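**Student:** Just a sequence and a predicted model for now, questions to come.
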Amino acid sequence: MADNQKRTIHLDGKHKIFLGYAPGVGKTHAMLEEALRRAKRGQDVVIGLVDSEGRAPIEELASTLEVIPPLVLNGSKEVDVDAIIARKPEVVLIDDIQHTNAAGSAREKRWQDVQALLDSGIGVLSTVNVHHFESLNDNVSDITGLQISDTVPDQILHEACEVEYIDVTPRALINRLDRGDVYSANQLTPDVASFFREGNLNALREIAMRETASRVDEDLVEYRKEKRIEKPWAAQDRVMICISPTRSALRLIRRGWRMGQRMHGEVLCVHVEEGPIGDKEKKILADDFKLAERLGIQTFTLKGELAPTLIEFAKERNVTQLIIGHPRRNRFQEILKPAVLAELVKSLRTVDILVVATESPTAEH
């Protein structure tokens with residue numbers, strides 16, 4: 001696995017996240033139900049912090065579990081990490097890990113409290129909504145018109161031993177909101193009402209489903225490596241665009257991005273550096289990567305021999321679609337490119353390979 005793909009796994013405490021796309025979908029309820037099932041099986045489960053918001057069903061479920069009293073700082077309830085570590089349960093429940101702790105807390109964010117508990121060997125069940133993840137901040141702002149200030153590093157999601165997506169339809173969620181099951185009347189501000197528009201909820205729900213599918217795909221990659229299975233599997237489509245510094249790849253990048261959009265899949269842009277390149281080639285690559293980044297495509301510069309490096313990366317990232325440019329018609333390319341393409345086809349039998357006609361460099365530069 002490439003360095004930028006490694007996941008830091010907590011060797012002691014295990015973290016399960018109940019992920020939703022908006023408040024009110026049922027994350028806390030699902031977390032409490034799992035906690036009760038674990039307690040019945042004999043696990044030592046306690047509540048570190050669960051915010052019922054006055055909801056009777058949540059309070060009823062929570063009433064049968066031991067509660068570690070929270071700290072109260074400046075009128076805010078915060079997780080008492082030291083008390084939980086001293087109590088040393090097997091599992092602790094922590095709601096809303098995106099929360100910013102009150103002034104005077106040992107840590108700035110609640111997700112940092114979770115990490116401290118995991119590092120001490122205590123398992124954690126937690127809740128969070130997808131719009132709080134840092135990398136999605138701009139997308140969420142574009143969708144909802146609101147800037148989300150409480151964020152969680154994406155790595156928290158990737159490090160978790162399990163992620164369970166909690167889902168209801170946007171229409172059902174709006175009905176819950178209208179009945180007062182999500183917020184009380186005094187909490188229903190104009191910003192909250194704006195957030196809960198059906199179009200916003202549909203978009204956020206799709207993002208949450210993609211993140212969950214991506215996480216499932218990561219688990220499949222780990223499983224394949226553990227079992228030494230080389231044939232790629234995929235829970236979602238992943239498009240890999242292969243670019244060269246010898247000519248513009250803008251057409252390839254746009255084609256790959258559109259393909260990814262249609263498939264609702266991830267798109268990667270890859271350049272293999274086989275040796276030093278000149279200023280002209282550096283300029284072409286810089287322009288290509290700028291377009292990719294504007295489109296939200298991840299970019300990678302790899303070092304090594306072209307075909308083996310592309311093949312290894314494609315298998316590692318569980319690529320399902322590969323896009324390359326059509327060979328240019330000169331003697332060197334006639335000799336080299338068909339061999340590279342043949343090697344890709346031979347080694348990536350479960351990957352669809354698309355050879356795209358490319359325009360000349362003068363057409364786009």
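**Tutor:** Okay, I see it.
**Student:** quick one: which helix or strand includes residue 19?
**Tutor:** Here residue 19, judged by DSSP states H and E, is contained in strand 15-20.
**Student:** Pull up the pairing partners for that strand, direction included.
**Tutor:** strand 123-129 (parallel), strand 162-165 (parallel) (DSSP bridges).
**Student:** thought residue 287 was touching residue 248?
**Tutor:** Yes. Contact status for residue 287 versus residue 248: in contact at 7.3 Å, counting by Cβ atoms under 8 Å. For the C-beta atoms, the positions are set from N, CA and C on the backbone; glycine is no exception.
**Student:** of these two, who's got more company?
**Tutor:** Taking residue 287 and residue 248 together and counting by other Cβ atoms under 10 Å, residue 248 has the greater number of neighbours (22 against 15).
**Student:** Only the buried residues of stretch 31-38, if you could.
**Tutor:** 31-32, 34-35, 38 (16 or more other Cβ atoms under 10 Å).
**Student:** same thing with stretch 141-148?
**Tutor:** 143-144, 148.
**Student:** Could you check how far the spatially most central residue of the chain is from residue 157?
**Tutor:** Nearest to the mean C-alpha position of the chain, by Cα atoms, centre = their mean, lies residue 211 at 4.6 Å. As judged by Cβ to Cβ, to the nearest Å, residue 211 and residue 157 stand 7 Å apart.
**Student:** what do you get for residue 351?
**Tutor:** 27 Å.
**Student:** what does residue 114 give?
**Tutor:** Applying Cβ to Cβ to residue 114 and residue 157 gives a distance of 12 Å.
**Student:** Kindly provide the distance from residue 308 to residue 175.
**Tutor:** For residue 308, the distance to residue 175 - Cβ to Cβ - is 55 Å.
**Student:** if I look at residue 264, how far off is residue 237?
**Tutor:** Distance from residue 264 to residue 237, by Cβ to Cβ: 7 Å.
**Student:** quick one, which of these two is more surrounded?
**Tutor:** Neighbours were counted for residue 264 and for residue 237 using other Cβ under 10 Å; residue 237 has more, 20 against 12.
**Student:** Export the buried residues of stretch 141-148 as JSON lines, with columns for distance to residue 347, pLDDT and secondary structure.
**Tutor:** Shown next, in JSON lines, are these (distance: Cβ to Cβ, whole Å; pLDDT from 0 to 100; DSSP: H, G, I helix; E, B strand; the rest coil):
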{"residue": "143", "distance to residue 347": "40", "pLDDT": "85", "secondary structure": "helix"}
{"residue": "144", "distance to residue 347": "44", "pLDDT": "85", "secondary structure": "helix"}
{"residue": "148", "distance to residue 347": "43", "pLDDT": "86", "secondary structure": "coil"}
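**Student:** where in this structure is pLDDT low?
**Tutor:** 1-12, 214-236, 327-338, 358-365 (pLDDT under 70).
**Student:** domain ranges for it?
**Tutor:** Here the domain parsing of the chain from automatic domain parsing is 3-225, 238-364.
**Student:** which residues of the stretch 151-300 of the chain fall in helices?
**Tutor:** For the stretch 151-300 of the chain, the helices defined by DSSP state H, counting those that start in this stretch occupy 154-159, 170-178, 190-195, 198-227, 250-263, 279-294.
**Student:** nearest to residue 343, of those helices?
**Tutor:** helix 250-263 (19.3 Å; Cβ to Cβ).
**Student:** re the thing from before, from the buried residues of stretch 31-38, pick the one nearest residue 258.
**Tutor:** For the buried residues of stretch 31-38, the nearest to residue 258 is residue 31 (39.1 Å; Cβ to Cβ).
**Student:** tell me the SS of the closest one?
**Tutor:** helix (DSSP: H, G, I helix; E, B strand; the rest coil).
**Student:** can you tell me which residues contact it?
**Tutor:** Contact partners of residue 31, counting by Cβ atoms under 8 Å, 6 or more residues apart in numbering, are 18, 50, 93, 95, 125-127.
**Student:** Name the member of those residues with the most neighbours.
**Tutor:** residue 126 (28 neighbours).
**Student:** so how far is residue 48 from that residue?
**Tutor:** 9 Å.
**Student:** just the angle between the strand holding residue 19 and helix 170-178, please?
**Tutor:** 90 degrees (axes from the mean of the first three to the mean of the last three Cα atoms, to 10 degrees).
**Student:** what's strand 15-20 in contact with?
**Tutor:** So strand 15-20 is contacted by 26-28, 30-31, 34, 97, 114, 118, 123-130, 156-157, 159-167, 208, 211-212 (Cβ under 8 Å, 6+ apart).
**Student:** Neighbours of the residue nearest to residue 182 when sequence neighbours are not counted, how many?
**Tutor:** Nearest non-adjacent residue to residue 182, counting by Cβ to Cβ, 6 or more residues apart in numbering: residue 24, 3.5 Å away. By other Cβ under 10 Å, the residues close to residue 24 number 20.
**Student:** any idea how far residue 24 lies from residue 71?
**Tutor:** Taken as Cβ to Cβ, the span from residue 24 to residue 71 is 27 Å.
**Student:** Residue 123 too?
**Tutor:** 21 Å.
**Student:** which residues does the nearest residue in space to residue 274 that is not next to it in sequence contact?
**Tutor:** Nearest residue to residue 274, sequence neighbours excluded (Cβ to Cβ, 6+ apart): residue 306, at 6.0 Å. Shown in contact with residue 306 (Cβ under 8 Å, 6+ apart): 272, 274, 340.
**Student:** on that earlier part again, mind exporting the C-alpha coordinates of the strand holding residue 19 to PDB?
**Tutor:** Extracted C-alpha coordinates of strand 15-20, given in PDB (Å, rounded to 0.1, in the frame of the first residue of the first chain):
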ATOM      1  CA  HIS A  15     -14.100   2.500  17.300                       C
ATOM      2  CA  LYS A  16     -17.500   2.000  15.700                       C
ATOM      3  CA  ILE A  17     -19.100   5.000  14.100                       C
ATOM      4  CA  PHE A  18     -22.800   5.400  13.500                       C
ATOM      5  CA  LEU A  19     -22.900   7.700  10.400                       C
ATOM      6  CA  GLY A  20     -25.800   9.800   9.200                       C
END
